[in-house]
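Peer 1: Next input, structure requested:
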Amino acid sequence: SPYIIYYSQEAREYTFLTLLCLLSGYLFFLSLTKEKKRYWSAYALIAILMFYVHSYGLFPFLANGVFFLSFRDRYRRLTGRFAATSATILLFFIPRFVIFGQQLGRQMNPWIGRIPQGLEQTFKHYALLGWHMPQTPTVKAALYILMALFAFFFIKALLRKEEDDRTKDAKNLMVINLVFCTLLPFLISRTVVAIYVPGRYDIMGYPFFILLASLGLDRLPRPWLKNLSAALIVLLTALTLPVYYFLYQKGNSKDIATLIKTEAGPQDILVFTNQSYLAVAYYMPPRDKCLSYPEEISGGYIPKEGLEGNPAFAAAQLGLLLPKIAAEKNAGNRIWVFYNEDPLALNNALIERLKQVYRLRKEQELPRQWHTYFQVNRYYVFE
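Peer 2: This next block holds a predicted model:
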């Protein structure tokens, strides 16, 4: 998948979550069909790990539970084992539920509500689409052809009546997991709180979609038709995959670290807005007088008030930062502000206040390929 490749180039949890989700469904199915204790134990371990990797990891656990309850007559003899395994998993979930409640209370992802919220966006990503993918005529044509092919095979798999119970149960388990990884988050976003991100969090449902589409492809009546369809999918995908290798966003964090090493004095004060310091710090040794703005920031999270440029929040953050700068500032050192424009209002408030107190010596705009949270757009030097 193109967007699987995209996320495989980032040190984030999405591809790992996808692997765990697939393993979870597979091990749960083996637990039901093989009836061996080691499969139940392995399933429990993966289910627990999955929820700690990402909050969406709860959905496959729920999906597997719904499957068992829906077909409990067939697996009645395993009710005790299922109940014991589920209770063990939930017991280990308790610390994660505490963290999960705090995350919901702090609205850690207010940006989610600003992106297109449609299941068709998920389907496009499942077919070919990906973040930052250039929409050239060739890519668009391949996208819609692949969407049509995948839709046809997917529907064919859903409509076909399976002859044996094992295949039927496997298909039903994949369908329920796909629904819980896509439709359920979508409905929660529309009715409760925004959590659904097409092309990102829904990635965990992708293996089930592809397996179901593959099942539909396998049900074509003629071998030559199967081979032709598979070859067409491979060809169309191969025409577009290179964009993920050649156009992946390149940051300037290493360049910023080099700039600091060569031009900033050891006593200079460094201020990083947004989350830009997280990437720059990788390329430079720890040093004193490194400050973050806003202060209430952690990896991957900016408070909702910060993203929205709340004046009271900006004033409070300036009240925390400016005294620290004043305590470190002397006649022999300078203030470097490494600026990321998002959130614009919050960061502009910092620059305007520094201009009132200190003399602006230099402002340098930096070239950039993409807009990204970790990209330094420009820097300021104050005396």
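Peer 1: tell me the SS of Gln364?
Peer 2: strand (DSSP: H, G, I helix; E, B strand; the rest coil).
Peer 1: Now for it: which residues touch it?
Peer 2: Going by CB atoms under 8 Å, 6 or more residues apart in numbering, Gln364 touches Arg378, Tyr379, Tyr380. Bear in mind the C-beta positions are built from the backbone N, C-alpha and C, glycine included.
Peer 1: swap the cut-off to 6 Å and go again
Peer 2: Contacts of Gln364 were listed using CB atoms under 6 Å, 6 or more residues apart in numbering, and they are Arg378, Tyr379.
Peer 1: Retrieve the pLDDT associated with it.
Peer 2: Note on Gln364: pLDDT of 91.
Peer 1: What of the one 3 residues further on?
Peer 2: At Pro367 the predicted local distance difference test score is 75.
Peer 1: Could you do Pro134 as well?
Peer 2: 67.
Peer 1: How about Tyr339?
Peer 2: So Tyr339 comes in at 87 (pLDDT).
Peer 1: for Thr240, same thing?
Peer 2: pLDDT recorded at Thr240 is 67.
Peer 1: Ok, the one 3 residues further on next?
Peer 2: Per-residue confidence (pLDDT) for Val243: 61.
Peer 1: same thing with the one 4 residues further on?
Peer 2: We note a pLDDT of 47 for Leu247 in this prediction.
Peer 1: just checking, Ser292 is part of a strand?
Peer 2: Yes: Ser292 sits within a strand when classified using three-state DSSP.
Peer 1: Could you pull up the residues touching it?
Peer 2: Ser292 sits next to Phe272, Tyr277 when contact means CB under 6 Å, 6+ apart.
Peer 1: And the helix ranked longest in the chain, what's buried?
Peer 2: For the chain, the longest helix by residue count, based on DSSP state H, is helix 79-106. Buried residues in helix 79-106, counted by 16 or more other CB atoms under 10 Å: Phe82, Thr85, Ser86, Thr88, Ile89, Phe93.
Peer 1: Does Phe338 touch Val271 like I think?
Peer 2: No: contact criterion CB atoms under 6 Å: Phe338 and Val271 do not qualify, at 7.0 Å.
Peer 1: Where does the prediction get shaky in the chain?
Peer 2: Within the chain, the segments meeting pLDDT under 70 span 1, 104-111, 113-117, 131-134, 240-250, 296-301, 368-374.
Peer 1: rerun that using 50 as the cut-off
Peer 2: 247, 299 (pLDDT under 50).
Peer 1: any chance you could map the strands in it?
Peer 2: With DSSP state E applied, the chain shows strands at 269-273, 290-293, 335-339, 360-365, 378-382, listed in chain order.
Peer 1: In JSON lines, list the ones you listed along with distance to Arg12.
Peer 2: Formatted as JSON lines, the strands of the chain follow (distance: least, CB to CB, whole Å):
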{"stretch": "strand 269-273", "distance to Arg12": "20"}
{"stretch": "strand 290-293", "distance to Arg12": "21"}
{"stretch": "strand 335-339", "distance to Arg12": "23"}
{"stretch": "strand 360-365", "distance to Arg12": "29"}
{"stretch": "strand 378-382", "distance to Arg12": "26"}
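Peer 1: so where do the helices sit in the stretch 1-150 of the chain?
Peer 2: Secondary structure of the stretch 1-150 of the chain by DSSP state H, counting those that start in this stretch: the helices cover 2-8, 14-34, 37-53, 58-70, 79-106, 119-127, 137-159.
Peer 1: Mind checking those helices for the one nearest to Val357?
Peer 2: helix 79-106 (31.4 Å; CB to CB).
Peer 1: now the angle from the closest one to helix 14-34?
Peer 2: 160 degrees (axes from the mean of the first three to the mean of the last three CA atoms, to 10 degrees).
Peer 1: between helix 79-106 and helix 58-70, how many degrees?
Peer 2: Using the same axes, to 10 degrees: helix 79-106 against helix 58-70 is 150 degrees.
Peer 1: just how off-centre is helix 79-106 within its chain?
Peer 2: 22 Å (CA atoms, centre = their mean, to the nearest Å).
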